[in-house]
Each structure stands twice: as C-alpha cells, then as structure tokens.
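In: Kindly generate the corresponding structure for this input.
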Amino acid sequence: MEVPDSRPTHHLSKGTPVHSTRPPRIAVVGAGLGGLTCARILQRHGRPVTVFEREASADTRPQGGSLDLHPDSGQAALRSAGLLDRFQALARPEGDEWRVLDPATAAPLAQQPPSVSDGERPEIDRGQLRGLLLDSLAEGTVRWGHAVDGVTPLADGSCRLLLADGTAEEFDLVIGADGAWSRARPALSPAVPRYTGVTFIETGFDQCATRHPEIARLVGNGSLLAKGAGRSLVAQRNSDDHIRAYLAFRAPQDWHLAAGLDLGDQRAVREYLSGLFEGWHESLRALLRDGDHEFVNRPLFVLPAPHTWRHVPGVTLLGDAAHLMPPVGLGANLAMLDGADLAHALVAEPGVDAAVRAYEAVMLPRSVEAATASARGLDHLVPEAAQAPAAATVR
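Out: Prediction:
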C-alpha cells in the first residue's frame, strides 16, 4: 500500500565526471535493488565495482511481492541507469489500481482505477526488477556466496572487508547495501532494528484465474486493503497470475509462543488466524483460508528515526542498511534513489571522501522525512483502533 504525496524529492546533481589516475576500488555489500542500482550506474561511467552477496545465486529465495516505482525516485534511478525502457516493458500500469473494502461486508469504501494516476506508478515484481538490474551488470560483477562478516575502516581512509570464509580485502569505499541486519552498519552506528509491534503473515495464491476466480475478482488488477482495529488484510496482484496476501496485526513479536503455536503447524496457525479475523466477511477470510503456500511469519522492524552517524572515511550505507522503515511503498524506491545518488556523486566528485560526504548530506535528511512518512503509513495500514469509513482511504 502506498503513502500518498509523502515521498521526499531531494536529489543530488549528476554533476560532471572528474577523472583521477586510478579508479577507486569500490565494494557493494548486498545484491539488493539499491546496491545493484549503484553498481549499474558506476559501470555505465566506466567505474569498476564488485558486489558481494551472501546468497548462493539470484534464485536462492523468493524476492517478495510487487513494487510500484515512483517517478521521482525508483523510476528516476532506472532512467539514470539506462534501464527505464526495459522496466516499462515489464511493468504493469494496471497494477496501480487499488481498492479498500469494509471488513464486515466487503463493500467498497474507496477505490482508484489505474487511469486516475495515468499509470505513473506502474507495478513490477521485485524479482523481475532485481533480474533486470542483475542482467545489466558485467559478467562476474556479483560474487555469489560471499558472505560479509564486517567492515573495518582503516587509518588511511580505506576500508577492510571481512568475509565469512576468513579472508579479507581492502577497498577505497565499502557501500553497505545489505539490508535490515547489515554487517556494514556497525562501522558507522550502534543502532539496531527494533520491532514495530506489527507482524505480517504472508501467503499466496497460484493460477488465480482458474483455481481462485473469486479471489481474483476480489483483488482486481492491483491491490486490496481491508482493515479493522489492530488488524488488516492486504492482497496484491503479481505477475504470472499470482496473488500475494498479507495478514497484518498488532501483537508482541513472540505472539505465537504466547498462543502456544508451532509456526510449522500450518493447520493450527490457520485456525488461530481465523479466530483473529472472526466476524470479517467470508470473501476476505478466504485470503487466510485458501492459500496455496505455507504461512510465513514476517515481524516488521525499523531503525530509529532519525538514524544518522558521524562521517567515517571509507564506508557508507544505503537503503534498509541506512534507514529501515515499514513496507508501505517508500523503502525500495528510496534505496534505488540512494544508489543512484551515491553513484553520481562518485563519478562527479574529485575524491571518494568528498563524494560520500556530498551523498550523505542529501541522503540522511531525506531518509528522516521518509521514515516519518512510513511510520504514519503503517499506523494507517494497521490502525490501533477501528476507523470510520471516511478514514478508510489508503492514498
């Protein structure tokens, strides 16, 4: 779900490239959207870069649901990367449709067809977008199966990358793009993610047109939201006739232990969730009853806001490693914008340290604004108290 008109629009100037005798040695930790965007733009400008990724391959695990890319952040980053046309060929403008339903009756409370937004925020599966970025990189850029244990800034302004296999490599700059539980973050900040009080339970539906036609009609071409006091149901259309659903509720992080549940016991989890959403319309309860995939427990974490740090030469952060926030439509867009801004600064500035300082001077204030907006978005998505129908809109 999206937070309307709340995304920051500060950008770094692309500037003019400044060439030195030796290109800087740059490492990106994490092959997520932000790190890959940064690597792609650096390579477009002839700058060598190595991406270290702990997963064994691009297909090690599912990459999550759909994203809507905003014109002034995610799409702007792809334009800088020279990938906007390829993105538009994959994207689904119709996926920008959304509807809010009454939990008791499933009657529409608010809705927006994609024509209202002129498709300016088309949807794309996260896995497709990651694949687009990976395919754009030079062969061998990503070192799969190379887990990073930590980074150590050095006295000369460079940084040592410590790998899980016991080896180490030195770089002029290490970019921590390794998400919520970043191994690079401790070099800059003692902050650790904290639980928001909200948990998502994820499930999914395959071959929806033939196997789940009622759910397909309920969700439509885009996203659906129904919410009550302390709980919500969210569903979103993905590619390949797949629908992903999330059951969101406010509870302690160990809610399943307090309920005496084994999360591996799918039947028991389904019965518990059914009770949690008792009184909701049967068409909505089908989202928790009829899924084809096992339930996945996803407690939501955030970094403190504001999250800032004193500049340290040789290392910086982007995306969730820098500003982990609730998944309400800003995080991926902001990570890609971070990656683009950092790459442009490294191309434009006369030295690595000056580039990182320029990037952090823009990124850190921008992330504070986004974190505040995302916190409001989560409160709106999973309200603590029931809301009147007039307050049901999500945009």
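
In: Please make it C-alpha for all contacts and neighbour counts, starting now.
Out: Fine.

In: which residues of the stretch 201-350 of the chain score low on pLDDT?
Out: Under the criterion pLDDT under 70, no range of the stretch 201-350 of the chain is flagged.

In: what about 90?
Out: The model of the stretch 201-350 of the chain has pLDDT under 90 over residues 221-222, 239, 328-329, 350.

In: Which parts of it are helices?
Out: Taking DSSP state H, counting those that start in this stretch as the criterion, the stretch 201-350 of the chain carries its helices at 208-211, 213-219, 255-258, 266-276, 282-289, 320-323, 331-348.

In: For the second one, C-alpha coordinates in PDB please.
Out: Extracted in PDB, the C-alpha atoms of helix 213-219 (Å, rounded to 0.1, in the frame of the first residue of the first chain):
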ATOM      1  CA  PRO A 213     -11.500 -16.900  -9.500                       C
ATOM      2  CA  GLU A 214     -13.400 -15.400  -6.600                       C
ATOM      3  CA  ILE A 215     -10.200 -14.100  -5.000                       C
ATOM      4  CA  ALA A 216      -9.100 -12.800  -8.400                       C
ATOM      5  CA  ARG A 217     -12.300 -10.800  -8.700                       C
ATOM      6  CA  LEU A 218     -12.000  -9.600  -5.100                       C
ATOM      7  CA  VAL A 219      -8.400  -8.300  -5.600                       C
END
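
In: Run through the neighbouring helices and strands of it.
Out: For helix 213-219, the packing partners by 3 or more C-alpha pairs under 8 Å, 6 or more residues apart in numbering; DSSP states H and E come out as helix 208-211, strand 231-237, helix 282-289.

In: Of all the residues in it, which ones are buried?
Out: By neighbour count on 16 or more other C-alpha atoms under 10 Å, the buried set for helix 213-219 is 215-216, 218-219.

In: which of the residues in stretch 42-52 are buried?
Out: Buried residues in stretch 42-52, counted by 16+ other C-alpha under 10 Å: 42-44, 47-52.

In: now, which of those residues lie within helices?
Out: Of these, the ones assigned to helices by DSSP state H are 42-44.

In: of all these, which comes closest to Gly230?
Out: Leu42 (44.2 Å; C-alpha to C-alpha).

In: Contact partners for the closest one?
Out: With contact set as C-alpha atoms under 8 Å, 6 or more residues apart in numbering, Leu42 has these partners: 48-49, 343-344, 346-347.

In: nearest to Ala106, of the helices of the stretch 201-350 of the chain?
Out: Short answer: helix 282-289, nearest of the helices of the stretch 201-350 of the chain by C-alpha to C-alpha, at 7.1 Å.

In: what's the angle between that closest one and helix 266-276?
Out: Helix 282-289 and helix 266-276 are oriented at 150 degrees to each other (axes from the mean of the first three to the mean of the last three C-alpha atoms, to 10 degrees).

In: domain parsing for the protein?
Out: 26-93+119-193+303-377, 196-301 (automatic domain parsing).

In: Deepest-packed of those, please.
Out: Comparing the domains of the chain on average neighbours per residue, with mean count of other C-alpha atoms under 10 Å, the densest one is domain 26-93+119-193+303-377 at a mean of 20.

In: Neighbouring strands of the helix or strand that contains Ala27 in the sheet, and parallel or not?
Out: Assigned by DSSP states H and E, Ala27 belongs to strand 26-29. With DSSP bridges as the test, strand 26-29 is paired with strand 50-53 (parallel), strand 173-176 (parallel).

In: pLDDT of the first one, averaged?
Out: Okay, so that is strand 50-53. Taken as a whole, strand 50-53 has a mean pLDDT of 99.
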